[in-house]
Every structure is written in C-alpha cells, then in structure tokens.
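Colleague: Have a look at this prediction, sequence included:
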There are 4 protein chains.
Amino acid sequence: MTYQIAILGASGYTGAELIRLIATHGQMKIAALGAYSKAGQSLAQVFPHLRHLDLPDMVSFDEIDFSKIDLCFCALPHKTSQEVIRELPKDLKIVDLSADFRLRDPAAYQKWYGNPHAAVEMQKEAVYGLTEFYRDEIAKARLVAGTGCNAATGQYILRPLIGAGVIGLDDIILDLKCAVSGAGRSLKENLLHAELSEGYNAYAVGGTHRHLGEFDQEFSALAGREVKIQFTPHLIPANRGILATGYVSGEAQAIHETLTKIYADEPFIEVLPFGETPSTHHVRGSNFCHIGVTGDRIEGRAIVVAALDNLTKGSSGQALQNANLMLGLEETMGLMLAPCFP
Amino acid sequence: MTYQIAILGASGYTGAELIRLIATHGQMKIAALGAYSKAGQSLAQVFPHLRHLDLPDMVSFDEIDFSKIDLCFCALPHKTSQEVIRELPKDLKIVDLSADFRLRDPAAYQKWYGNPHAAVEMQKEAVYGLTEFYRDEIAKARLVAGTGCNAATGQYILRPLIGAGVIGLDDIILDLKCAVSGAGRSLKENLLHAELSEGYNAYAVGGTHRHLGEFDQEFSALAGREVKIQFTPHLIPANRGILATGYVSGEAQAIHETLTKIYADEPFIEVLPFGETPSTHHVRGSNFCHIGVTGDRIEGRAIVVAALDNLTKGSSGQALQNANLMLGLEETMGLMLAPCFP
Amino acid sequence: MTYQIAILGASGYTGAELIRLIATHGQMKIAALGAYSKAGQSLAQVFPHLRHLDLPDMVSFDEIDFSKIDLCFCALPHKTSQEVIRELPKDLKIVDLSADFRLRDPAAYQKWYGNPHAAVEMQKEAVYGLTEFYRDEIAKARLVAGTGCNAATGQYILRPLIGAGVIGLDDIILDLKCAVSGAGRSLKENLLHAELSEGYNAYAVGGTHRHLGEFDQEFSALAGREVKIQFTPHLIPANRGILATGYVSGEAQAIHETLTKIYADEPFIEVLPFGETPSTHHVRGSNFCHIGVTGDRIEGRAIVVAALDNLTKGSSGQALQNANLMLGLEETMGLMLAPCFP
Amino acid sequence: MTYQIAILGASGYTGAELIRLIATHGQMKIAALGAYSKAGQSLAQVFPHLRHLDLPDMVSFDEIDFSKIDLCFCALPHKTSQEVIRELPKDLKIVDLSADFRLRDPAAYQKWYGNPHAAVEMQKEAVYGLTEFYRDEIAKARLVAGTGCNAATGQYILRPLIGAGVIGLDDIILDLKCAVSGAGRSLKENLLHAELSEGYNAYAVGGTHRHLGEFDQEFSALAGREVKIQFTPHLIPANRGILATGYVSGEAQAIHETLTKIYADEPFIEVLPFGETPSTHHVRGSNFCHIGVTGDRIEGRAIVVAALDNLTKGSSGQALQNANLMLGLEETMGLMLAPCFP
C-alpha cells in the first residue's frame, strides 16, 4: 500500500530533507507540497537538487485537499505551525517539525516562546517525538511533535543516565556544537558564508536557548524532581551535524554500560566501544546517532559525546521514523541510507 | 536473487562510496572487502561512518574465495589494478575503477601513464564504462573499465555535440573545477585542510592531465578524425563535485536541442532549460548529472556546463550502474538516492 | 603628516577592508565613518574584529564635516555612489569603489547598469583606477574610479598581451573563479553558508556580467579596434580570492616574457617562473597578484592564470594604493602585509 | 637599530607565521631560515605566499653563523627542539615555540611527553612565555618557552579568576574548539580536507591532552594547592582559531570585573561587554584575544569564552611579542595587524 503524503513548509531545509528521504521510501507518495512565498513555483525552482523527482508544484495550503492525505508533515516556523495545524482536519495524522507542540505545559511554552499558545488543547494531545523513548505512544498518536534537534542530541546521551541514576543531577553540563542548517534557510547576516566560514562562536549563552524547555520538561519528569542542566550551543562552520559533549559526574564504565544496554536493539543508535569518540562526519546525511563515552583523569567524572545529523536524525529523519510508526510501517523504511563520507 | 560482491581496495574513498551505495541496493551482498595496509581491520575502524553495516573485516586479496563471488569491484590505484586483475579468475565479472583499462591502445597507455601495460590482452577485452554510450557492450562485458571522473564529465557535454556535428572540433576548451576527493585518500601536503580550504588553483596545466588520453581516444573515434581539446582542471576547496565548463563554437539552441534529445530517456542525466546553469551542490552524493547550455554574447559561441559528483556518477555510482547491467539487473538499482542538500 | 580620511559605506566588506589596511598605514587617520542603516552604531557593533581600534561611531553622511577631510573613500553600492558623490565638495579627493565611474561612456554605463548616469560630467573627470596602468593620471586625479575586482584580475593578464600584440584578439576566453565576499554583505539565499559551502557554479553566463563593460572599454582602446572577450565567472565556496584562467592564442614563452618584463618593477605583481601556476591561497589578505603562464600541448595556445584577493588588490587595497598616489605618499604604504596562509 | 633574526624550523606553519609577522616589523631582519628536509629550497618553493620577500633560502642548521644572530626562534617539533637548543651558543637569545621548555619539572615533562628531558638545566632556565603574566621575567630571559596554544587560551580566562579567588577550583571545565593548523603541517589522514571539512569531533578526551601539563603547573602554582581542570579539545573544520568555553562556579559579574580590570591596559586582550560572546572570526590572523563572560540561568554558574588565533596569539605572535621584550623593543611591534575578516 502507498500512503498519500502532504508536506507543509516544503521550501525550507527540513522540507527538502523530507522529500529526499521519501524519494526512496517505497510506500509513500508525496501528493502535495505546501508553501507560502514560494507557492506556484516548481520543485525544480525551489530545490534544483530534487528536479529529477516527478512531484507536484508548490501550492498554498488552501489548495490542498486534505481528505486525500494520509499523513501531513508540517515543516513550518513555530507559532505559524500551531495556527495552521489548528485548522487542519481533526482526524488527519500530523507530524509537526516545529517547536509548537514539544512542551506540554502552556506556561512553559509561553515562557520560552514569548506568546500564549494558540491551540492549548492540541498541545496536550501531542506526543513528544523522541522515537526511542515514546515509541508506543507515537504509534497510537494522531499528532506527534518533532523534538528540537539539539534537544534530541542531548537527550540521547542524558536520558538513559538520568533514568538509570548513574550520574549526578546537579552538575550536568552540555556543550553543543551545531552546523548552520539548524538555523534554517533564513536570510541573516551571521548565516552568510563570508561571516560563518572559518569562524565559530557560542550563542544563546547562559541558559537562554529554547531547547532548554524540552530538557527541563523531559529530565525533570524522568528524575521525578527538578533537573536543570547547563547548556551552551556553538555555531560551527559546517552545513550539517550536531556534536554534543556532555560533562557528568558518575562512573564512566557504568555510564557506558547503561547506554550500551539501552540502545542495544535500536536500529539507529550506535554506542561506540569505550573510549572512542564520534564525529559528525560519520553520520552526515543519515539517520544514525553515534555515542562515545570516556572517563576523565579526575575520578568520578565522565565525558559522553553524541553526534547526529541535525536535518536527518535531529529533524526530518526523526519525523519520517515517527510517521512510519503512525502508519504501521516498518520503522526504518526510507531511513537506512548510509552516511555520505567524505 | 542476491549477488555476492567483492570489493578490492575497499579502504579508499571510491571503495567507501561503493559500500554506501550497495548498502541500500537490495540485490547485492558484500561478501568480501579486500585491502592492503588495512587488511585485518574492521570496517568500523577504517570507515566509522559505515559501522552500522554488518560487513566482513578487511582481508588481503589471497584470503578471498573468488569462486563464490559474482562480481568484483576493483578500486585500486592504477598500475596495481592491472597486476591484480591479471591474476583473478578469467570468468569473474569485474568492474575496474582504476585508469588501467580505459585506454585501448597500449602505446597510448604507456604515453599517459609512463609504464608498459602488464595485461595488454585484457586491455583489449575491456569495455569503456561510460554507461550511456556503451550500454549494450557493458551488459555483455566481463571486464568494464570505469572512466576517469573528469573524463566522464567532459564527455557528457561534448560527445553528443561532436557526434551530431553541431560544434567546431578545433577550438574546444574545457575548464574543469573538481573537489578534493577526486585525488583520493592520499597523504599529500596540498590535500591538507589547511592548504586547500580557502584556496583554489589550476593544476596539470597545459594538456598534461591523464584524462586527456580518454578524451583523445573517444572524441577522435567519434569524429572519425583527430580531435584534441584544451583541458585545464582546477582544484576547488570542497569534498565532492565536478563542474565542467565547456567553451565551444556552435549555435547554442542547436546544442541545447542536441543534448536534450539524446538524454531524454536517460535516468540520471538532466538537461536544464536553456539558459540555466547547474551547481555541484545540486548533485552532491547522487548519481545525477546536470547539464546547462547558454549562448554567449558573441554569436556562434556557446557555453555548456555539467555538474556531477566525482565519487558517485564520476566513479562508484557509474561502477554500480555498470555492474547492474552486467548482472542483468535494473540499471538504476541502488542509485536513485536524491542529492544531499544542503 | 597625517591625512584625515573619511569612509562612506563603512559597514560593508570593502569598508571593513579599508579600515583594516589603514589601521597600520601610519600616515592616515580615519576621521569619519559614514553608513546608512548602521549609522549610530559603534565600529565594535558593526565589525567586532575591529573593536581594538579607537575609531569614531558610524554616522549619517550629513553629519560629516568634509572641509576637514583630505580624502574620502566611497564604498557604496553603485547608483547610490554617483548620487552621493555628486553632492560632495568639488575639491574633495575621492576614491570611489563602486562601479559608477568606471565607464567613461554614458551610453555604455546605461547599457550595463540599466539606468542613465546621474553625474555625467564627473563620469568624464574620473580616472580609471587600475594603478599599474594609470599611475600618472591617478596621481593627478581628484576622482578615481576603483575597477571591478574581476575586471582588474582579467586585465592584469590580458592588457600587456593585447598591448604587445602577442595574442590573438578574437578568441580570448576568460574563465574566472571568485570567492563569495565579492558579492558583498548582502542577504541573498545563494550567499548563505548552507547554500554555498560544498557547491560551485557558473553565473552571469553568456556575456552578461557587468565587468564586461570595463573589459570592452579598456581592451578596445588598447588595441585600437573592438575587442570582445568571452568571460564566465564562477562562484567558489571560499571567502576571498579570484582566480582568472585565460585561454589565448599566442606563443607561451613570448607571453611569459611580455608579462615578466612589464611587471618587473611592480611592487605587487609577481610573475611566476614559466610553467608554475598561482593559487588564491597564496595572496589571501594581501595586495599581491600572482601570475603564471603555461603553454598548452596544442601549439600556439597558452594558458595564463592570475590570482589575487578580491577585497584587497581587487578593491580596497587598490583604492588605498591609489589614495597614496593622490596624496603624494609612498605608493605601497599600508599595503605590504604578507598574505595570511594557512 | 635592526636585529638579525634566525628561524629554525621555518617550513612549518608557525615558521611561516613568524615570517609573515616579521615582514612588516621594521626592526628585525631575517638573516637565516633553517629547515631539515626542505633545506636547499627557496622560500618561494616552500611558501609561495611569501615569495615577494627578499629572504635567504632554507639551509641546514650547521650552515648558520649564530654569532651574527641577535635572536633565534625555534619552531621545531618537541623533543627535536631540546636537542637543537642544547647545542646552540649559550649566550644566544632564544624563543622556543615547541613544548620542550614549558614544564619546569623534569618529571612532569616525562609524564606528559614520554621521554626524559635532554636538557634539564635549560628547562629550569627557561621562562614560561605567557607574556601578560611573565612580562618582567621574559624581558630579562635568555630562553623563553612559548606556551601551548590551547594552554594560552585557557589561561587567559582562568588565571585571573583563580588568582583572584572568584571561582571554585574543583569543578572547572574547559571545552575547547580548535582549528586544524594547530596540528601543524603534518601528513595525517584526519587532517585531510576530505576528512575534516564538514566534520568535527572531540579528541584527547578524558584528560590526556599534553597541554594539561601546563594547566596543572600554572594553576597549582597560582592557587597554592593542586588544581586539576577537566579539559576536552575538539577539532573544528577551519584553518585558524581557538575558542575556549570555560564553565566555572562563581558570580558572573565579579568574574567579568576581575577580567576587565586585569586586562585593562593590555594591548591585545579585549574583554567584551558583559553578556557578549567572542568569535574566532573576529581575531583571525591577528594577535588579539577576545573574552566574553555570561552568567548562567543557574545561580552561581558562569560561562567564560575566549577566542584567539592559534598561529598568532597562540604561537608565533606570542613568540614575537616575547622577542620584542627580550630585545628591548616596543612590545607591540609588528603585531598591530587588524584581523582579516571576512
């Protein structure tokens, strides 16, 4: 059986990545591509790299007949997404890639995003899309909220450790390095090649990055008490990739065993042999996440590093993995592409 | 049916690219990975990005039982390749990615490569692997010689034009820009990140690049007279991609029509609308080749530009496409991956 | 003596480059920095890399007392520049970095730039700023028009050859590769890191690039007949640098001798030994231009390659070199910085 | 007065950087360039970007008449350096850029570098070359040991804080991101453009990086007790730059004030306004170091970030600054070059 798919916000990078993955999926057909300013343009105009695909032109959302759509990906900016999704048919399966349904608490949403939520009831309905930890709920969900790409990376290393109680909860530091496509296709001076290439810097320093809302929500629920981590992202001169370096207190071997065990059967999470460290180059363009654990020379301290591709495992790959579950398909369909190296 | 595949020279970039492509092929199983200095190492050690694949360790060539292999890819350095292939079973299907069997004339081989050929009779047996133009011969061949990556790119724009007689033969200039992976995984100062990044330069200037041997052989045969083009490659600070800019005399619209017509049914060659120009970014990681034609302000002059990924369409993708033909499989199997952008 | 300098359009890349060079000049003091949208901001806000300099804030142009200024650099967009310069004091020495005063013929200006010139009489007064060829006129000029960065590069290889009559005039091809800073600090999708990095492409193909206006003007005047070259620029994933590959008919040794002789006493033009080729990496951040000549395997054909930094020798360095002449200073003052490699 | 300078190990990146800086110094003349494998080559062959300089060819060390040299820079690999310096005239002023004289304790040297020191008495004589903190000793020294580039960056943020007692000593974490030129001009697979570009990773994880020897020595001496920090370097796809992110306990405003005060009169250290963060792009090619301080959302935690150019302030620029002091010259001579942006 082939499922009919719509993508809203198809002209951004996560939209393009969805199309790239679905192109070799086998049981999904892209029936509609929705866009705002680029409505009316062909896919070849918006994304020349996808010109070989026989896909419909970009249209405005009201031109889409959602009754013929089995599942809709929303790759829209946050705030816009909640307003659009609120108006979609109530029985339409939706995977949202924005930030709008990640936080369950309306007050938390308002705190981190600055505006009251426009679809509070749906906010509660939405299932948090971190596949490996919400698999069963996702399979039954109508609306799944894709996680933040940084939030996913951090959780892959910290969730199992917090859950297993093998690390201290009060001194977790996450130093994250992310590539520029995480900022989307927006025209900002600091995203220009001339400004970014050969330069790197921290941003949202001091605990102001919005993905902290997700960390707080998930880690506190998991620990049964408030957990606040220190999180500092850095912008790196590269197009794809997140490398998260976690500094934790705990016994490194126990940490490695915990991660190895919990991810043993996961198709996309690879825990490296103890003492090895991952590189973003080794997951580029794929849905894989590599994790490495090393003990520090200071006893009782460990370093845990994760690498994934922000556009794939951190966003569109995760979304497709969740969509597969929601449609009752094999979870890995369309996602076994090997990384592109070099 | 699943075919048993061996790859000799699996530790280089074209080897890695073959493994990446075969990973989602469906009807090929990698049964043996042969290497020299890295024999004994696991795939995860040599190429951590392929660690999720359940593949055998690298072995030396004499450890491989070729009687169980249906097709063997040789991704070895030139000169080595002819010596190795000479010793392989005479009924083994082979796709060679080196330069060793591209030139049919032993004297031409010696002129461009500096040594006498060690397997002259096989040199004659080999079919030139430019799929779109040697498809039938390749399907029947036992030994196929992969083309030079630059040679393939230049031929995609020039062969149809020489064949159709729509351009002059005495003033063809090919200015080519190629990414660094074309030079392989060799430890040379000019391939270091610190030496290459932010810098670009011409090399092998003045008609000394070995791929000219292929241009001379193919274009002269096609034209029925000697054709010598001017060809200057440039090294660009990027990992993948070849952009070939051809300067020809001829009527631009006729050139565009010729190319459009000849490639109309080709699955991997996309001729852009007249006046558009391709970018390597739009073919990266894929087997596609984009071609654009523009007329110059000087009447009777045209610019024809082609973009492809040197590791895929220029090398390992071409090799797999040929292997598919040799095994009677669908030509596009494992090759419909969409480009990875951004 | 210290000269008082104003820079209009100080918030762009050529403005920043001027400030960088003047910082160690010794006899120039930046008295005013003029900007539009960034007026009111400090230099540290606009260009954090220049924060160590004790310079005035950006101001709007009408806040500048030009009676105290000895020389004014205009680093404004074309069209804006002519409107601004028209209103400046008539005795103020001006070095314009825009395209507005490069073409002497109002009709040619309108053809290439699409609008009638707003200061036709000043267009005639302006001296073309290619220092090595207009040195005496520049020293006496009040208004000097900086050349196009591509136009400068092409002329450095072609002017002496056309002038000496050692190459054919009807088949000159210039294939140029330029880095992204040449496009300025403008917010365009194709200038984003995610769109440019790892990709390269031709643009303004077919003889439509505006710098052709300069080539036509200068080469035709030099040859005493109409000379029209083929010129195709390519955008390269790097921040600084232009590499111009010229394909000409002529005897390579004669070409090399012509260039070697004419540039023998030039402080910034280095003609490499015959057969060597330049790299943009070797001129990065400096005012030097490296030129290499090679003969082709086809008799009577030669390849001439030039490399320079578009922001320095191609623009702000040239402007400072001209300003030095106009103020009666040593021509090389502030410009002997060695290239920054790696 | 002009001082005669020799550079041993002139064919590496720090050698090239020394030559670049001395080129516009004014009171230094490079009288000899010593090299091993590249002895006999001209500077233009080894570093084409320096071809405009009128400098002697590379020679082997025994060809240099050190009696005519006022100061010698040694830019040799560690271990080699101590063996060479041991044999140099005992009254020759030397600035060593290797790791050989950074650690005062022979046991510590052996622990971190794996071999007994070959010149223990000189190890004791050497002054640690962190200019801002050893200025007086350096001015009187005969032998100055250049610091590690990572070690310098970390100390610029942590020394004043440890010295002033405004941060906790038992939970200091330094997450450092460094560009590839820090690894030198060595032919290693992971330094190839194709392996590094678009990828980033941690290395020497777990407290094994040799620069920890310097941190331990300096911080413990300063605190009067053992101080062991956690330090994890990451390799970033860029050529120049170190960004050090320090996670400390302490009051952010007090930290900012401490740094602002101590560096108030330093010509090269810029402490940004509270809450701003530095970028490597803003110090590239210069001797400046930018430092930013931000408070975390978690009370009592602060993030301190420093950016500098590893080849300049982290190595050759520091060396020249020290040489100026040793020769009684103005400390900033040759070092006021503004950063090269973009």
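Modeller: That came in fine, so what should we check first?
Colleague: which stretch of helix or strand covers A:Gln321?
Modeller: Using DSSP states H and E, A:Gln321 sits in helix A:317-326.
Colleague: do that helix and chain B meet at all?
Modeller: No: using C-beta under 8 Å from any C-beta of the partner chain, helix A:317-326 never reaches chain B; the gap is at least 12.2 Å. Bear in mind the C-beta positions are built from the backbone N, C-alpha and C, glycine included.
Colleague: Pretty sure A:Ala108 sits in a helix.
Modeller: Yes: under DSSP: H, G, I helix; E, B strand; the rest coil, A:Ala108 falls within a helix.
Colleague: count of residues packed around the residue lying closest to it once chain neighbours are set aside?
Modeller: Nearest non-adjacent residue to A:Ala108, counting by C-beta to C-beta, 6 or more residues apart in numbering or on different chains: A:Gly213, 5.5 Å away. A:Gly213 sits with 20 neighbouring residues when counted by other C-beta atoms under 10 Å in any protein chain shown.
Colleague: now the helices for chain A?
Modeller: Taking DSSP state H, the helices of chain A run over residues A:13-22, A:43-46, A:80-87, A:106-113, A:120-125, A:131-140, A:149-164, A:193-196, A:211-223, A:252-262, A:317-326.
Colleague: CA atoms only for stretch A:190-208 - export them in PDB, please.
Modeller: Only the C-alpha atoms of stretch A:190-208 are listed here, as PDB (Å, rounded to 0.1, in the frame of the first residue of the first chain):
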ATOM      1  CA  ASN A 190      25.600  35.600  10.600                       C
ATOM      2  CA  LEU A 191      24.500  32.800   8.300                       C
ATOM      3  CA  LEU A 192      26.300  34.100   5.300                       C
ATOM      4  CA  HIS A 193      29.200  32.100   4.100                       C
ATOM      5  CA  ALA A 194      31.500  35.100   4.400                       C
ATOM      6  CA  GLU A 195      30.500  35.500   8.100                       C
ATOM      7  CA  LEU A 196      30.400  31.900   9.200                       C
ATOM      8  CA  SER A 197      33.100  30.100   7.300                       C
ATOM      9  CA  GLU A 198      36.400  30.000   9.200                       C
ATOM     10  CA  GLY A 199      34.600  31.300  12.400                       C
ATOM     11  CA  TYR A 200      32.800  29.700  15.300                       C
ATOM     12  CA  ASN A 201      31.300  31.100  18.400                       C
ATOM     13  CA  ALA A 202      28.900  30.300  21.300                       C
ATOM     14  CA  TYR A 203      25.400  31.700  21.100                       C
ATOM     15  CA  ALA A 204      22.300  31.700  23.400                       C
ATOM     16  CA  VAL A 205      24.800  31.600  26.200                       C
ATOM     17  CA  GLY A 206      23.700  31.500  29.800                       C
ATOM     18  CA  GLY A 207      20.700  29.200  29.600                       C
ATOM     19  CA  THR A 208      18.600  31.100  27.200                       C
END
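Colleague: Quick check: mean pLDDT of that stretch?
Modeller: For stretch A:190-208, the mean per-residue pLDDT is 96.
Colleague: So it, near chain D or not?
Modeller: Yes: applying C-beta under 8 Å from any C-beta, one finds stretch A:190-208 touching chain D at A:194-203, A:205-208.
Colleague: Could you give the number of residues near A:Ala323?
Modeller: 29.
Colleague: contacting residues for A:Asp105?
Modeller: Residues counted as contacts of A:Asp105 (C-beta atoms under 8 Å, 6 or more residues apart in numbering or on different chains) are A:Gln217.
Colleague: remind me which residues of chain A are low pLDDT?
Modeller: Of all residues in chain A, none has pLDDT under 70.
Colleague: Verify the stated contact: A:His193 with C:Ile236.
Modeller: No: at 10.3 Å, A:His193 does not count as touching C:Ile236 under the criterion of C-beta atoms under 8 Å.
Colleague: and for the two, which residues touch both?
Modeller: C:Val180.
Colleague: neighbour-wise, which of the two wins?
Modeller: Per other C-beta under 10 Å, whichever of A:His193 and C:Ile236 has more neighbours is C:Ile236, with 29 against 26.
Colleague: need the contact list for that one.
Modeller: Taking C-beta under 8 Å, 6+ apart, one finds B:Lys177, B:Tyr200, B:Ile236, B:Pro237, C:Lys177, C:Cys178, C:Ala179, C:Val180, C:Tyr200, C:Leu243 in contact with C:Ile236.
Colleague: one step back: from the contact counts, what lies against the helix holding A:Gln321?
Modeller: Using 3 or more C-beta pairs under 8 Å, 6 or more residues apart in numbering or on different chains; DSSP states H and E, the elements in contact with helix A:317-326 are helix A:13-22, strand A:71-74, strand A:93-96, helix A:131-140, strand A:143-145.
Colleague: now for these, which one comes closest to chain B?
Modeller: helix A:13-22 (4.3 Å; C-beta to the nearest C-beta).
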